[in-house]
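In: Mind folding the following:
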Amino acid sequence: MAQQSVAHQLEDSKKQNKSPELKSNSKLAWIGGIAFTFFIALLGVGLSQLWGFDRVGPMASAIIISIVCRQIWEYPEKIRPGIEFSAKKLLRVAIVLYGLKLNIGVIFNQGMPLLLRDIATIAFVMVVMMVIAKWLKADFVLSLLLGVGTAVCGAAAIAAVSPIVKSKEEDTAIGVGIIALAGTVFALFYTVLRPVLPISDSDYGIWSGISLHEIAHVAMAAAPGGEDALAIALLAKLGRVLLLIPLCFILIYWMNKRNADTGKTKVAFPWFLIGFIIMSLFGSYVIGTYISIPSYLMDGIADLSTFILTMAMVGLGLNVSFQAIRTKAARPLVAMLITSILLTVITYFTL
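Out: Next comes the predicted model:
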């Protein structure tokens, strides 16, 4: 017994002696992984300045780089903790900061009629997308992510709901990449059509705001219609961003009910949504009323939130394989394109 006790003490002593070194290595791995996603995010920002890539934006550009990087060069496994931190924790930080872009007061004061259209848009997209996806036997989770991205606000919406639906990192990355590329094509199509469409600038702005995927896509498409078209387009789009909040809570209820029926664990409450709401209220009712913040600083915070989200997308993209894209993405992509075309046509003829 005494010999065993001494042996245990020696073993514990060795573990204690090693622990500082292990902690140091763990910290370096964590920092190295974050630095890796930071570097690729910078490359994505740089790539997005080039012709062609400037249409898809830094997030999609960074995802493309990270996916290609993963296929041709396996990143060191020891930096995985930092990459996972970017993919999960930084993703939530970016969503919280994204709340500052949502001015709730403007929507309630000026955009209530548009908000009703936005509700109809989201309901239409979610139902049609999931019906078509079921008909095509497409991957359920990826189809759901693309449906939310199409219905609400692209990459930010996909990032917000991915923890709720417990999607795999590769599904989230694929979904964001598809939304960015498809939304860019649709936005370019709108700008080409604008000169020949027999509608007013205001109606063109509404059409863009309630039917296009990302805020950037709405801005790109609505700009040729003039300042009035751009203003009302962004107002319509912000209404869809606001509806992300109730949609997330509906998905939580639905997922918990679905999990209860199948014996799975309940969905953990996404506390980052509370942060998103708080930041939205702060930006809507505190900044400008009680606190004055220069516009350049607000723009800087907006750019920071986009960059942090880009880093998160890199972390997700590093877990994507081309095999997964070939086997999982085709049918959800077809379902999303059909849904987007139907949305574009129906919203135009209901202006």
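
In: quick one: the helices in the stretch 1-150 of the chain?
Out: Secondary structure of the stretch 1-150 of the chain by DSSP state H, counting those that start in this stretch: the helices cover 2-47, 57-72, 80-85, 91-98, 104-110, 112-136, 140-151.

In: Quick check: which of these is nearest to Ser305?
Out: Evaluated over the helices of the stretch 1-150 of the chain, closeness to Ser305 peaks at helix 91-98, with 3.6 Å, by CB to CB. The C-beta positions use only the backbone N, C-alpha and C, and glycine is treated the same way.

In: so where's the stretch 151-300 of the chain shaky on pLDDT?
Out: Scanning the stretch 151-300 of the chain for pLDDT under 70 picks out 263, 265.

In: What segments of it are helices?
Out: 155-161, 169-193, 201-211, 215-222, 227-242, 244-262, 272-281, 295-317.

In: Which strands and helices lie in contact with the shortest one?
Out: Looking back up the chat, that one is helix 155-161. helix 91-98, helix 140-151, helix 169-193, helix 244-262, helix 272-281, helix 295-317 (3 or more CB pairs under 8 Å, 6 or more residues apart in numbering; DSSP states H and E).

In: ok, and for the last one, which residues are buried?
Out: Taking 16 or more other CB atoms under 10 Å as the basis for neighbour counts, the residues of helix 295-317 that come out buried are 305-317.

In: now, of the helices of the stretch 151-300 of the chain, which is deepest in the fold?
Out: Sort these by mean neighbour count, taking mean count of other CB atoms under 10 Å, and helix 155-161 sits at the top with a mean of 28.

In: ok, and what's touching it?
Out: For helix 155-161, the surrounding residues in contact (CB atoms under 8 Å, 6 or more residues apart in numbering) are 59, 91, 94-95, 98, 144-146, 148-149, 151, 172, 175-176, 179-180, 214, 241, 244, 247-248, 251, 270, 272-273, 276, 309, 312-313.

In: picking up where we left off before, tell me which of the helices of the stretch 151-300 of the chain sits nearest to Gly33.
Out: Smallest distance to Gly33 across the helices of the stretch 151-300 of the chain (CB to CB): 8.0 Å, for helix 295-317.

In: Nearest to Lys134, out of the buried residues of helix 295-317: which one, please.
Out: Leu316 (25.6 Å).

In: confidence score at that closest one?
Out: On pLDDT, Leu316 comes in at 87.

In: Could you measure from the closest residue to it other than its chain neighbours over to Trp135?
Out: Excluding the flanking residues, the one nearest Leu316 by CB to CB, 6 or more residues apart in numbering is Ala173, at 3.7 Å. Per CB to CB, to the nearest Å, Ala173 is found 25 Å from Trp135.

In: related to what we said a few turns ago, a markdown table for the helices of the stretch 151-300 of the chain, including distance to Leu343?
Out: Listed next are those as a markdown table, based on distance: least, CB to CB, whole Å:
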| stretch | distance to Leu343 |
| --- | --- |
| helix 155-161 | 15 |
| helix 169-193 | 10 |
| helix 201-211 | 5 |
| helix 215-222 | 13 |
| helix 227-242 | 12 |
| helix 244-262 | 16 |
| helix 272-281 | 25 |
| helix 295-317 | 24 |
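
In: closest to Phe349 out of the ones you listed?
Out: Across the helices of the stretch 151-300 of the chain, Phe349 has its closest neighbour in helix 201-211 (10.0 Å, CB to CB).

In: got the angle between that closest one and helix 112-136?
Out: 40 degrees (axes from the mean of the first three to the mean of the last three CA atoms, to 10 degrees).

In: and the angle from helix 201-211 to helix 140-151?
Out: For helix 201-211 against helix 140-151, the angle by the same axes, to 10 degrees is 160 degrees.

In: Other residues contacting helix 201-211?
Out: Defining contact as CB under 8 Å, 6+ apart, one finds that helix 201-211 is touched by 114, 117-118, 121, 190, 194, 197, 199, 218, 221-222, 225-226, 228-237, 239-240, 343-344, 347-348, 351.

In: hmm, back to that, compare the helices of the stretch 151-300 of the chain and give me the one nearest Arg70.
Out: Closest among the helices of the stretch 151-300 of the chain, using CB to CB: helix 295-317, at 7.2 Å.

In: Now do the closest one: distance to the chain's middle.
Out: Here the centre of helix 295-317 is set off from its chain's centre by 11 Å, with CA atoms, centre = their mean, to the nearest Å.

In: now do stretch 126-143
Out: The answer for stretch 126-143 is 19 Å, by CA atoms, centre = their mean.

In: cool, stretch 154-161 as well?
Out: A distance of 3 Å separates the centroid of the chain from that of stretch 154-161, by CA atoms, centre = their mean.

In: CA atoms only for that stretch, dumped as PDB, please.
Out: Extracted C-alpha coordinates of stretch 154-161, given in PDB (Å, rounded to 0.1, in the frame of the first residue of the first chain):
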ATOM      1  CA  GLY A 154     -27.900  35.900 -45.800                       C
ATOM      2  CA  ALA A 155     -24.700  35.000 -44.000                       C
ATOM      3  CA  ALA A 156     -25.700  36.700 -40.700                       C
ATOM      4  CA  ALA A 157     -28.900  34.800 -40.500                       C
ATOM      5  CA  ILE A 158     -27.200  31.500 -41.300                       C
ATOM      6  CA  ALA A 159     -24.600  32.200 -38.600                       C
ATOM      7  CA  ALA A 160     -27.300  33.100 -36.100                       C
ATOM      8  CA  VAL A 161     -29.400  29.900 -36.600                       C
END
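
In: tell me the phi and psi of Lys166?
Out: phi 50, psi 50 (degrees, to the nearest 10).
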